[in-house]
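Below are the sequence and a predicted model for it; my questions follow.
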Amino acid sequence: MRLRRPAEIAIGDQEANWSVSRTHKRRWRLAFTVIYFTRVLTSIPKKLILDKKGPVLRSLSYVAIEVQPPIDEAISSADQPATFLNIDPNTFAEMVRDKNFESLSQFGGVKEIALILRTDVKDGVNGSEADLKQRKNVFGVNKFPKPPAKRFLSFLLEAFKDKIILILVACAVLSLAFGIKQHGWKDGWYDGGSIIVAVFLVVIVSAVSNFRQSRQFQELSEKSSDIRVEVVRDGRRRPISIFEVVVGDIVSLKIGDQIPADGLFLEGHSLKVDESSMTGESDHVEINERTPFMLSGTKVTDGFGFMLVTSVGMNTAWGKMMSSINRDLNEETPLQARLNKLSSYIGKVGLSVAALVLLVLLIRYFTGNTKDDMGKREFNGSQTDSGDIMNSVVGIVAAAVTIIVVAIPEGLPLAVTLTLAYSMKRMMADHAMVRKLSACETMGSATIICTDKTGTLTLNEMKVTEVLLGKEVKNDTSMSMAGDVHKLLQQAVALNTTGAIYKAHSASVLEISGSPTEKAILSWAVLDLGMNMEEVKQNYETIRVEAFNSEKKRSGVLVNRKSDKTVHTHWKGAAEMILALCSTFYDRAGMLKALDEEERLQFEIIIKNMAAKSLRCIAFAHKERVDEGGQVPKNLEENGLTFLGLVGLKDPCRPGVKAAVESCKAAGVHIKMITGDNVHTARAIAIECGILHPDGNLDNEAVIEGVQFRNYSPEERVEKIDRIHVMARSSPFDKLLMVQCLKGKGHVVAVTGDGTNDAPALKEADIGLSMGIQGTEVAKESSDIVILDDNFTSVVTVLRWGRCVYNNIQKFLQFQLTVNAAALVINFVAAVSSGEVPLTAVQLLWVNLIMDTLGALALATDKPTNDLMEKPPVGRSEPLITLIMWRNLIAQALYQVIILLVLQFKGRSIFGVDEKVKSTLIFNTFVLCQVFNEFNARKLEKKNIFLGLLNNKLFLAIIGITIVLQLVMVEFLRRFASTERLDWGQWGACIGLAALSWPIGWLIKCIPVSGKQLAYHRASTS
């Protein structure tokens, strides 16, 4: 038996030899003795502390005894899940959250806590299902409850809060009351009751639509918060969802990662964390053995390392903070703001018209110029019953208010929400996740796309295809080399990498993890150089690591060889930059030679020729020095190095990229490639992707380096930027500078980025596009849209959807404004001239339902078509209602006004019918005109309005539903809708008059419009 610190898992050496046949009595006696002895020990320091005499002795709080179970109950511990019966999750949570060093030292340090959590500091948790389940049961899951989502009732109440709806309901209630008083329950409820039912129908449809969109936005919000993290389980690195991280996990961290849970630093180098999201402090915190506390939600800004997870979910400060925040994806977009202004303006016009109609109808009523159904005057001064007067006045007010309902295009914001929600869902299927709604519509206006090369234009599947040793380039990557150079290259790869190699046993296949570049180099070193990574690392002690960043374009490591205490510096990175640090090199025979200007020039030519073949050139350099005086150097050597050699990595272009680039050019969108590779590699890839043409002008103005662009004066940048197609060897600052310059010239700029340093450019751009696979969490949070497959083709898909959103809104806008204009003019003219409103409150509410909700669903859900990519981009200041839309809108509204006014004044004599049938004909023709005009609205410019009709099943379904409901309204709901049944001939006349809007639409599109639209119209029809 031996005493243990609280952090230790007791496995007594003496107890291991106890016989399993010992009696229970003997065991209990021994346990009692041990407990008594421990109590005596713990009482000693307490006595000392109370007496305040002598030094304080450290005491141990408990003793752990392992009692071996009987043989028949013995089970392999490897098969059992870890038990954490005596661990309080809050203890670890408070320790990390408060950064309590005293508590950490009481536990015995980070590695002792790892023992408590049954975690191997090298291999992590065992990762079995039972073990993970046990950890989740004890410590919780890495999720936090969100505030409850708004219920359907909330949306219903919001819809009812509309002032116009409330006025209508009040009018309906008064009408209901007076109707019942005048005509009794049997017949008196129809007018008021019909309005109430119609209002409820409009409110419910609106609430259902908004509720569904809210749910959809919530789902997208949950998907955007599902981050991938890399953990070590059972000795193997594996990517998992942030929600699957458990206490005891070892998490691998690199620049740009979000820390997924609270934890403690295990090992790593140059690790710095941005804690501003938690503490508000802008200074980056260095994480090491002295300051090991790491908070969930913070970001890694430099270095790399491993952390031990100690708290997850609601036990972290981040979890508690995020549980009180409900991320709102349903923000108002710029287009919605513009449409709200337009709705407000149209509403004011409608209010004015309604006020005039109300005034005219009241004057006509009180002057005795109106008649009832029997042909008698409605108002006869004092002879008229007060109930009849109130009933008539309420009817007039209801009609005026209903005109306002129809006039106010509240369907416009709904249409934007519908089309954005629909496009977001479809874009997710097309590998693009929208983080900010406004990006959907803004993308349609993009004039420039600044794209990365690696992984976006190329496959990001690196492979070493050429090796340079001495001055000899070989395609055989397993070429023979001198022994010293061979060993140095093995060390250069094994010691200076963020990748990892896993092999379960000798017969299993190697699993290599890391970035594509690291994986390619490690694969080459293992398979062609015969490198044993673990064996090399065991012989060296790491002193300092310089992590790769896009400024220096290299990474380095300073190590101490254990056998002879020599200090070695290894650098790896962009070939020409590594070459600049070197003063000597090894030839093929392994002889060290001076690197003079002539030799340097030869190497530069070799690098240029390899880059011209689209190869990424990664070089290795080394320097050794003897550790003198026992002083360990702190910084890596950056001059006088020895050039070891370089590898050429091939990263082929993605299939379909060239076609996507050509599609962008046809759409008037220019592509600029911004890459960290050298000029020659960049030019070769740009030609291969179609950004540059080999026969075109490939002078220095088309392809430049970042340093050149940086050194231009502001005037030179503005003058030359449109001619620049490729910027090589660029830094994140160069990318930001280019975005600012392009925006200054009036361009709408979309930018792709994957690194932490790309965040400023992603934020500055009109549309920031981050990469879902290679992108860091910092880049994703700074972006508007995440490209889930890192593919440039998906960027073009986003462009198509952006244009589709804008186009769908314009379609619906044209359709709704036609209805608004026609309804207002008809009601106003009829009211002024005859004192009657041809369309009743219920009928106008039905038209409002068709127009707002069903119309929005039909027109706002069209999919992108190829002709969208044949138009020039829409500029920032382009009007929402174009000249082409005004042309179509005025023509259709004018036609509807003319035929409906003819029916109003001459309908009875033309068809030989009574007043009620005439009113039904007007109502039926008006609704069918909107149905036929929905087809016209599908194509704003093209004459063939049926093109691609079968691709939108929802449109056809809504048209069918509208026609069936109109049939029911006219034929079966006569009392409700104030209609009369129509015969076949009358139905045919209504359909024929409405169908005339098709040929009128075709003819009107033959009329050209002036300005910019005319130029495009001619180009598109030719």
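Sure thing, it's come through. Numbers count the residues shown, from 1 in each chain.

what number of residues lie near residue 851?
Number of residues near residue 851 (other CB atoms under 10 Å) recorded here: 24. The C-beta positions use only the backbone N, C-alpha and C, and glycine is treated the same way.

how much space between it and residue 813?
Computed as CB to CB, to the nearest Å, the residue 851 to residue 813 distance reads 12 Å.

Residue 345 sits in which helix or strand?
helix 334-366 (DSSP states H and E).

Just the CA trace of the helix or strand following that helix, in PDB.
Following helix 334-366 in sequence order, the next helix or strand is helix 386-407 (DSSP H and E). The C-alpha trace of helix 386-407 is given here as PDB (Å, rounded to 0.1, in the frame of the first residue of the first chain):
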ATOM      1  CA  SER A 386     -79.900  55.300 -37.800                       C
ATOM      2  CA  GLY A 387     -79.000  51.600 -38.000                       C
ATOM      3  CA  ASP A 388     -79.100  51.700 -41.800                       C
ATOM      4  CA  ILE A 389     -77.000  54.900 -41.800                       C
ATOM      5  CA  MET A 390     -74.300  53.300 -39.600                       C
ATOM      6  CA  ASN A 391     -74.400  50.000 -41.600                       C
ATOM      7  CA  SER A 392     -73.900  51.900 -44.900                       C
ATOM      8  CA  VAL A 393     -71.100  54.100 -43.400                       C
ATOM      9  CA  VAL A 394     -69.300  51.000 -42.100                       C
ATOM     10  CA  GLY A 395     -69.600  49.400 -45.500                       C
ATOM     11  CA  ILE A 396     -68.100  52.500 -47.200                       C
ATOM     12  CA  VAL A 397     -65.200  52.600 -44.600                       C
ATOM     13  CA  ALA A 398     -64.600  48.900 -45.000                       C
ATOM     14  CA  ALA A 399     -64.400  49.400 -48.800                       C
ATOM     15  CA  ALA A 400     -62.000  52.300 -48.400                       C
ATOM     16  CA  VAL A 401     -59.800  50.400 -45.900                       C
ATOM     17  CA  THR A 402     -59.700  47.300 -48.200                       C
ATOM     18  CA  ILE A 403     -58.400  49.600 -51.000                       C
ATOM     19  CA  ILE A 404     -55.600  50.400 -48.700                       C
ATOM     20  CA  VAL A 405     -55.000  46.700 -48.000                       C
ATOM     21  CA  VAL A 406     -54.700  46.000 -51.700                       C
ATOM     22  CA  ALA A 407     -52.600  49.200 -52.400                       C
END
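
Let me know the angle separating helix 386-407 from helix 334-366.
Taking axes from the mean of the first three to the mean of the last three CA atoms, to 10 degrees, one finds helix 386-407 and helix 334-366 inclined to each other by 150 degrees.

ok, now how distant is residue 356 from residue 381?
According to CB to CB, residue 356 stands 25 Å off from residue 381.

Could you check how many residues crowd around the residue nearest to residue 732 when sequence neighbours are not counted?
Nearest in space to residue 732, with sequence neighbours left out and distances taken as CB to CB, 6 or more residues apart in numbering, is residue 757 at 3.6 Å. The number of residues packed near residue 757 is 22, by other CB under 10 Å.

Would you confirm that residue 757 contacts residue 549?
Yes. Contact criterion CB atoms under 8 Å: residue 757 and residue 549 qualify, at 7.0 Å.

Tell me the confidence at residue 2?
Residue 2 carries a pLDDT score of 37 in this model.

no wait, residue 829
83.

Next one: it from residue 357, what distance?
Look at residue 829 and residue 357: by CB to CB, they are 10 Å apart.

For those two, indicate the residue with more neighbours.
Ranked by neighbour count (other CB under 10 Å), residue 829 and residue 357 place residue 357 first, with 23 against 17.

Next up, identify which helix or strand the closest residue to the more buried one other than its chain neighbours is on.
Spatial nearest neighbour of residue 357, chain neighbours left out: residue 831 (4.5 Å); criterion: CB to CB, 6+ apart. Residue 831 is part of helix 792-834, with elements assigned from DSSP H and E.

I'd like the mean pLDDT over whichever helix or strand comes after that helix, please.
Sequence order places helix 841-849 as the next helix or strand after helix 792-834, per DSSP H and E. Averaged across helix 841-849, pLDDT comes to 77.

can you list contacts of whichever helix or strand comes after helix 841-849?
Tracing the chain past helix 841-849, the next element assigned as helix or strand by DSSP H and E is helix 855-859. Residues outside helix 855-859 that contact it (CB atoms under 8 Å, 6 or more residues apart in numbering): 209, 411, 414-415, 418-419, 808, 811-812, 815-816, 930, 934, 937-938, 954-955, 958-959.

Next one: the residue nearest to residue 732 from residue 553, what distance?
As judged by CB to CB, residue 757 and residue 553 stand 12 Å apart.

Repeat that for residue 801.
From residue 801 to residue 553 the distance is 35 Å (CB to CB).
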